[in-house]
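Engineer: what's the 3D shape of this:
(one chain, ligands or ions: 1)
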Amino acid sequence: MIEVERLSKSYGAFRAVSDVSFHVERGEVVGFLGPNGAGKSTTLRMLAGFLGPSSGRIRIGGHDIGEEPLLAREKLGYMPETSPLYPEMRVREYLAFRAELKRVPRGARARAVERAAEEARVDDMADVLVRHLSKGYRQRVGLADALLGDPPVLILDEPTAGLDPNQIREVRELVRRRGKDHAILISTHILSEVEATCSRALVVARGKLVASGTIEELREMRRASGLRIVVRGEAARALGIVRALPEVAEATVDAGRTQAPETAELLVEYQRAEGGAEVAERVVAALVGAGLGVREVVPRAASLEQVFSELTRGDEEAAEVQA
Ligand SMILES: Nc1ncnc2c1ncn2[C@@H]1O[C@H](COP(=O)(O)OP(=O)(O)OP(=O)(O)O)[C@@H](O)[C@H]1O
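Structural biologist: Okay, here's the model as predicted:
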């Protein structure tokens, strides 16, 4: 339902999102997880059609957001980090206005508003002016807005930020319920948020997708380590030599990177996280021993480790807030 291919966005010379690709299918709740400034909001705004990509493709429910923006946007409900609400409108009025903008048929509008307000638990405030709402209620009016007309794709930017523990629980329940027959992408910088609602996560850091998988897979990945190595010589031969080492679990060629002619970049994963430095030495020795040149050797797990330590800090903050 959500298809993203090689998506990039630059603000001037700064690359906020770099070559990001992923899919989200119906029946999945996927966490878009990364520390502050990783490029999450920028990506979600592009998915929602509010920001043009510098390059890459986005399809929502089969429609390209650049070529068929109306059809694509009809398929999705988007909750931005801060919803642009009209302070002088009552909640019901505001949602009815939004339903009209979203082309929910006139006859179905009142029912759609009622349903979304109930699901987002703002129905008890339906006749209150938006400017009188607490932060948590405003946040959930934004959520009700995203649910209007029951689009099959939901894109939610930090949907539980600013909510109290009860509200967080309710929103998580809603996401789990809707996730059964919708495609949902949720951005968050808190690991426990993903654990609570998501079937898998995409981990972003400094604009790049650095890992993806279930939480268990990501934890496993964090423990494993490896290296990135630039080799001068035939890639297939280098791969064969590296894969033959018993300490190596997997080796692949990173074709996405442009290298000087006759060189290849290999991504090597170790069997075990311990003793990484010794394994690196053995990898280099095996390649050099076979007459291949080694241009560059960089340990790999560090970046994911760093991302997780930042995400775990987010967990501690959340625990403090909820305590
Ligand atoms: N309009 C803009 N002009 C220039 N730089 C921007 C703009 N919007 C965002 N950025 C930069 O792009 C990077 C990614 O920002 P983004 O808001 O997408 O991150 P994020 O992962 O959503 O972070 P947060 O969790 O803090 O919202 C940041 O370094 C930010 O400063």
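
Engineer: Please enumerate the strands of the stretch 101-250 of the chain.
Structural biologist: For the stretch 101-250 of the chain, applying DSSP state E, counting those that start in this stretch gives strands covering 153-157, 183-188, 200-205, 208-213, 226-232, 248-253.

Engineer: what angle do the second one and strand 153-157 make?
Structural biologist: The one in question is strand 183-188. Per axes from the mean of the first three to the mean of the last three Cα atoms, to 10 degrees, the angle that strand 183-188 makes with strand 153-157 is 0 degrees.

Engineer: Which neighbours in the sheet does strand 183-188 have, and how are they oriented?
Structural biologist: Pairing partners of strand 183-188, with direction, according to DSSP bridges: strand 28-33 (parallel), strand 153-157 (parallel).

Engineer: quick one, the first one and strand 200-205 angle?
Structural biologist: For strand 28-33 against strand 200-205, the angle between stretch directions is 20 degrees (the same axes, to 10 degrees).

Engineer: Can you list the neighbours in contact with strand 28-33?
Structural biologist: Under the contact criterion Cβ atoms under 8 Å, 6 or more residues apart in numbering, strand 28-33 has outside partners 22, 24, 40, 43-44, 175-176, 179, 183-189, 191, 193-194, 197-204, 311. In short, each C-beta sits where N, CA and C put it, glycine included.

Engineer: Wondering if that strand reaches the ligand at all.
Structural biologist: No. Strand 28-33 does not reach the ligand (Cβ under 6 Å from any ligand atom); its nearest approach is 8.6 Å.

Engineer: how about that strand: buried residues?
Structural biologist: Using 16 or more other Cβ atoms under 10 Å as the test for burial, strand 28-33 gives E28, V29, V30, G31, F32, L33.

Engineer: ok, so of these, who is nearest F50?
Structural biologist: Proximity of those to F50 (Cβ to Cβ) peaks at F32, which lies at 15.9 Å.

Engineer: pLDDT for the buried residues of strand 28-33 - can I get that in TSV?
Structural biologist: What follows is those, written out as TSV (pLDDT from 0 to 100):
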residue	pLDDT
E28	94
V29	96
V30	96
G31	94
F32	94
L33	90
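
Engineer: which pair in the residues you listed spans the largest distance?
Structural biologist: Using Cβ to Cβ, the buried residues of strand 28-33 span at most 14.5 Å, a distance reached by E28 and L33.

Engineer: could you redo the strands of the stretch 101-250 of the chain as JSON lines and give each row mean neighbour count?
Structural biologist: Listed next are the strands of the stretch 101-250 of the chain as JSON lines, based on neighbours: other Cβ atoms under 10 Å:
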{"stretch": "strand 153-157", "mean neighbour count": "26"}
{"stretch": "strand 183-188", "mean neighbour count": "26"}
{"stretch": "strand 200-205", "mean neighbour count": "24"}
{"stretch": "strand 208-213", "mean neighbour count": "18"}
{"stretch": "strand 226-232", "mean neighbour count": "21"}
{"stretch": "strand 248-253", "mean neighbour count": "16"}
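
Engineer: Would you reformat these as JSON lines and include distance to the ligand and mean pLDDT?
Structural biologist: Listed next are the strands of the stretch 101-250 of the chain as JSON lines, based on distance: least, Cβ to the nearest ligand atom, whole Å; pLDDT from 0 to 100:
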{"stretch": "strand 153-157", "distance to the ligand": "7", "mean pLDDT": "96"}
{"stretch": "strand 183-188", "distance to the ligand": "6", "mean pLDDT": "95"}
{"stretch": "strand 200-205", "distance to the ligand": "7", "mean pLDDT": "90"}
{"stretch": "strand 208-213", "distance to the ligand": "12", "mean pLDDT": "85"}
{"stretch": "strand 226-232", "distance to the ligand": "24", "mean pLDDT": "90"}
{"stretch": "strand 248-253", "distance to the ligand": "28", "mean pLDDT": "88"}
